[in-house]
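*Asks:* Predicted structure and sequence below. I'll ask about it afterward.
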Amino acid sequence: MALRSPSAPKQDVVISTRVDKVGLRPALLRNFRAGLAVVAALIMLLPAVWMSMTAFKSRPDAVSVPPKVFFTPTLEGFVSLLTDRRQLSNTELEDYKQRTDLNWMDKLALKRGQAIIGWSEFPKHLRNSIIISVTSTFLSIFFGVLAAYAFSRFKIPGESDLLFFILSTRMLPPVVVTIPIFLMYRALGLFDTHIGLILLYTAFNLSFAVWLMKGFIDEIPKEYEEAALVDGYTRLQAFRKIVLPQAITGIAATTVFSFIFAWNEYAFALMLTSSAARTAPPSLPSRIGTGGVEWAAIAAGSLLFLIPAIILTFALRKHLLRGVTFGAIRKG
Amino acid sequence: MATIELKQVEKRFGEAYAVKPMDMTINNGDFVVLLGPSGCGKTTTLRMISGLESVSSGIINFNDKDVTWLHPSERDIAFVFQFFALYSHMTCRENIAFPLRASGEEGAEIDRKVKRVAEMLRIEHLLKSRPGGLSGGDQQRVALARALVRKPAAFLMDEPLGALDAEFRETMRAEIKRLHLEQNATTVYVTHDQIEAMAMGDKIVVMSAAEIQQAGTPLEVYYDPANLFVARFIGSPGMNLVEGSYSEGKIKLGDANIYCVPQDWRASLDTTIGTGEVVVGFRPEAVQFSAQGQLGSSVYANDLHGSYSMLHLELIKDNIVNARADRRDRHQMGDSIKFDIDPEQVRFFDPKTEKALQKVAL
């Protein structure tokens, strides 16, 4: 036994650095945290679940008090969302019931005493949404990546001013400029056109795309391209073969953010379109006004509207997770 | 293979010089090391040769052909970077084949060349893996293979061993040297490590403060440094430099010591210094201990370096010189010890110009 100085503790002091081994039992803590995450997820998902359930409810089920959790699913909501119908008189009703050329949609409508007279506007609006969001996302990514590359790699006179200028377009709430833009669009003939909304969304997303992509491209060591340059490639080839594959994570993250913005945008779409270029977000609430609220139809519309965003996010989820944590950690 | 010639090449950023106008000729097949502390312009010089950095003025010739404004891809060079610059989205095989694809070679030809260079660097087993998971040494081998797979006019290497562990560095140093001897390729190699420079270079170009301080063989820069900077920078420790006042063949060092200048140096000192301050320079191994030595000092510290010991001697108060001694000699701290300087290995510098004095032929 070693000699102790008089002031030393009487017993050996054991110092543990394993923080998880002190205090609460670790397993308990871990379970508690997992439980908390599940509860949080449930709270977040509840509206989405409720909406999905309502989409498959019949009209009486959708408005019943207390709300029904167990019900017979029906596609009634989808039929009334996607079609225009007219009310049948009693004689017509009898006549229709005899017919054998009715498909399942006609039959569902007939249950409510209605006949389908054609497709509603909603499929068209959904298509507009897809065209406008996809095109504007593509354009913002395309120009955003090129601009970000230039800002990242070349000495540009007034670079920081330009970057600030680009960022400044996001500094005031977009609604502030709705009226000037409305007047401009009317004068230029861009009102209610696809190209009008595409331009607008591209303009909004571009600043975001430039800044986000600049961060990602800054992270790619410039030696990568230099290696390609001395190996006999041109600047553009080096960009395509080296920078783009390395920046794919950033591109994916920026794509998701840009797409979701364009996909969800409501205020400008409402102001700047009437029918030809109307997108799904302003189209959905407009159904509330037409005689009695058809909750099932609105829920069905919201569900259909959610699907493309979910597919895109799901397809790019790996990159997205890397994307939002990227830049926070510098490689040594 | 190429002879590289720089004529009055300079790089300015606004008013500041990154590289002051310099002339340099790198002969075909030479292994030239650009050596200097960080920020001395050596990497900028290399990048100007590669074309990755534009010159502010001057001309760069490859084999008498002006390449000053040619794109890097048109210069037929291979560049090895400090941090390897391997593409993580490609396998090692694809990385090595990348320069060949630029020149649009046939698939079979590419395979043959990749195989040959992989054999040479002993990395065949790594070809299928991605560079991300490899050790630093293996990554640098792959990077070297990418440079070697083509037969470029020149290899440019920017501190290729700087990111490696000490043990790998020694192995790779020998490997690069061996590859250079086999290929006999013109190589420009940048490093801040003077031991690496001495070990590898046919010729060393010492740079500091955006200027070439001295260009010569390793032996020249070691034994005949052109100025005080090179004398201090080369060698570990650097050359011992002691200032004293010269008059008529004698240099007074501090209060107690008088050093008699060797006869063959007198003419030079008389003409350039006359009477005044001079710096005496000598390497630690030039110290010859003897009881009759003309310089007296006291032992300040004694480091054992394995095969020899390095004595720290206080020659003048607060001026320590290093001396190489037999490891078996025992010296206590504070012992006084006398020594001479090998007359073959003593050098003199003018403290005003910092330049070395040249022996005048008698």
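*Replies:* Received it, and whenever you're ready, just let me know what you need.

*Asks:* Get me the contact residues on the stretch 151-300 of chain B for chain A.
*Replies:* B:Leu156 (CB under 8 Å from any CB of the partner chain). From N, CA and C alone the C-beta is placed, and that goes for glycine too.

*Asks:* where exactly do the strands run in the stretch 151-300 of chain B?
*Replies:* B:154-158, B:187-191, B:203-208, B:211-216, B:240-247, B:250-253, B:257-260, B:276-282, B:287-289, B:295-304 (DSSP state E, counting those that start in this stretch).

*Asks:* from memory A:Gly113 sits against A:Tyr96, does it?
*Replies:* No: look at A:Gly113 against A:Tyr96 with CB atoms under 8 Å: they stay out of range, at 9.2 Å.

*Asks:* close to chain B, is the longest helix belonging to chain A?
*Replies:* If you go by DSSP state H, chain A has its longest helix at helix A:122-153. No: judged by CB under 8 Å from any CB, helix A:122-153 and chain B are separated, with a smallest distance of 11.8 Å.

*Asks:* which residue packs closest to residue 245, ignoring adjacent ones?
*Replies:* By default, I'm working from chain A. Counting by CB to CB, 6 or more residues apart in numbering or on different chains, the nearest residue to A:Pro245 once its immediate chain neighbours are dropped is B:His89, at 4.4 Å.

*Asks:* Actually, chain B is the one I wanted.
*Replies:* B:Lys252 (5.1 Å).

*Asks:* And the one you found, how far from B:Tyr246?
*Replies:* B:Lys252 sits 8 Å away from B:Tyr246, going by CB to CB, to the nearest Å.

*Asks:* More neighbours: those two, which one.
*Replies:* Set B:Lys252 next to B:Tyr246 and count neighbours by other CB atoms under 10 Å in any protein chain shown: B:Tyr246 wins out with 22 against 13.

*Asks:* wait, that one sits on B:Thr272?
*Replies:* No: counting by CB under 8 Å, B:Thr272 is not a contact partner of B:Tyr246; they are 9.8 Å apart.

*Asks:* rewinding a little: might one say that the residue nearest to B:Ser245 is in contact with B:Cys260?
*Replies:* No: here B:Lys252 does not reach B:Cys260: they are 11.1 Å apart, not a contact under CB under 8 Å.

*Asks:* what's the offset of the one helix or strand A:Thr54 maps to from the middle of its chain?
*Replies:* Assigned by DSSP states H and E, A:Thr54 belongs to helix A:26-55. For helix A:26-55, the distance from its own C-alpha centre to the chain's C-alpha centre is 21 Å (CA atoms, centre = their mean, to the nearest Å).

*Asks:* Same question for it: list its buried residues.
*Replies:* For helix A:26-55, the neighbour count (16 or more other CB atoms under 10 Å in any protein chain shown) marks A:51, A:53-55 as buried.

*Asks:* what helices or strands is that helix leaning on?
*Replies:* Contact analysis of helix A:26-55 by 3 or more CB pairs under 8 Å, 6 or more residues apart in numbering or on different chains; DSSP states H and E lists helix A:76-82, helix A:295-315 as its packing neighbours.

*Asks:* again, only using 10 Å
*Replies:* In terms of contacts (3 or more CB pairs under 10 Å, 6 or more residues apart in numbering or on different chains; DSSP states H and E), helix A:26-55 is packed against helix A:59-63, helix A:76-82, helix A:295-315.

*Asks:* Point out the residues in the stretch 201-332 of chain A that sit beside chain B.
*Replies:* A:221-235, A:237-238, A:241-242, A:244-246, A:248, A:331 (CB under 10 Å from any CB of the partner chain).

*Asks:* my guess is A:Leu320 contacts A:Ile248, does it?
*Replies:* No: counting by CB atoms under 10 Å, A:Ile248 is not a contact partner of A:Leu320; they are 11.8 Å apart.

*Asks:* So for those two, which residue has more residues nearby?
*Replies:* Neighbour count, other CB under 10 Å: between A:Leu320 and A:Ile248, A:Leu320 has more, with 19 against 16.

*Asks:* For whichever strand or helix holds that one, give the mean pLDDT please.
*Replies:* With elements taken from DSSP H and E, the one containing A:Leu320 is helix A:317-325. Over the span of helix A:317-325, the pLDDT mean works out to 70.

*Asks:* Where does pLDDT dip in the stretch 251-362 of chain B?
*Replies:* Within the stretch 251-362 of chain B, the stretches with pLDDT under 70 are B:361-362.

*Asks:* so where do the helices sit in it?
*Replies:* B:263-272 (DSSP state H, counting those that start in this stretch).

*Asks:* swap in the stretch 101-250 of chain B?
*Replies:* Using DSSP H, counting those that start in this stretch, helices in the stretch 101-250 of chain B cover B:107-120, B:136-148, B:166-183, B:194-200, B:218-223, B:228-233.

*Asks:* what's the answer for the stretch 151-300 of chain A, then?
*Replies:* Counting by DSSP H, counting those that start in this stretch, one finds helices in the stretch 151-300 of chain A at the ranges A:159-168, A:178-188, A:194-219, A:223-230, A:235-238, A:244-246, A:248-264, A:267-272, A:280-283, A:295-315.

*Asks:* Next, the angle from the fourth one to helix B:136-148.
*Replies:* What separates the directions of helix A:223-230 and helix B:136-148 is an angle of 20 degrees, with axes from the mean of the first three to the mean of the last three CA atoms, to 10 degrees.

*Asks:* For helix A:223-230, enumerate the helices and strands it packs against.
*Replies:* helix A:235-238, helix A:244-246, helix B:42-50, strand B:77-80, helix B:92-102, helix B:136-148, strand B:154-158.

*Asks:* Mind doing that once more with 6 Å?
*Replies:* When contacts are defined as 3 or more CB pairs under 6 Å, 6 or more residues apart in numbering or on different chains; DSSP states H and E, helix A:223-230 packs onto helix A:235-238.

*Asks:* which outside residues touch the helix it packs on?
*Replies:* A:225, A:228-229 (CB atoms under 6 Å, 6 or more residues apart in numbering or on different chains).

*Asks:* How about stretch B:318-325?
*Replies:* By CB under 6 Å, 6+ apart, stretch B:318-325 touches B:237, B:240, B:284-285, B:287, B:300, B:308-315.

*Asks:* what does stretch B:137-156 give?
*Replies:* B:2, B:46, B:50, B:62, B:76-80, B:84, B:86, B:92, B:95-96, B:99, B:113, B:117, B:121, B:123, B:126, B:131, B:168, B:185-188.

*Asks:* Take that stretch, keep the C-alpha atoms, and write them as CSV.
*Replies:* Provided in CSV are the C-alpha atoms of stretch B:137-156 (Å, rounded to 0.1, in the frame of the first residue of the first chain):
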residue,chain,number,x,y,z
GLY,B,137,-0.6,5.9,-47.4
ASP,B,138,-2.9,3.8,-49.6
GLN,B,139,-4.8,6.9,-50.7
GLN,B,140,-1.6,8.6,-51.6
ARG,B,141,-0.5,5.5,-53.6
VAL,B,142,-3.7,5.7,-55.6
ALA,B,143,-3.2,9.4,-56.1
LEU,B,144,0.4,8.7,-57.3
ALA,B,145,-1.0,5.9,-59.6
ARG,B,146,-3.4,8.5,-61.1
ALA,B,147,-0.5,10.7,-61.8
LEU,B,148,1.8,8.0,-63.2
VAL,B,149,-0.8,6.2,-65.4
ARG,B,150,-0.3,8.8,-68.1
LYS,B,151,3.3,9.6,-69.2
PRO,B,152,3.1,13.3,-68.6
ALA,B,153,5.8,15.9,-69.4
ALA,B,154,6.2,16.7,-65.7
PHE,B,155,5.1,15.6,-62.3
LEU,B,156,4.1,18.4,-59.9
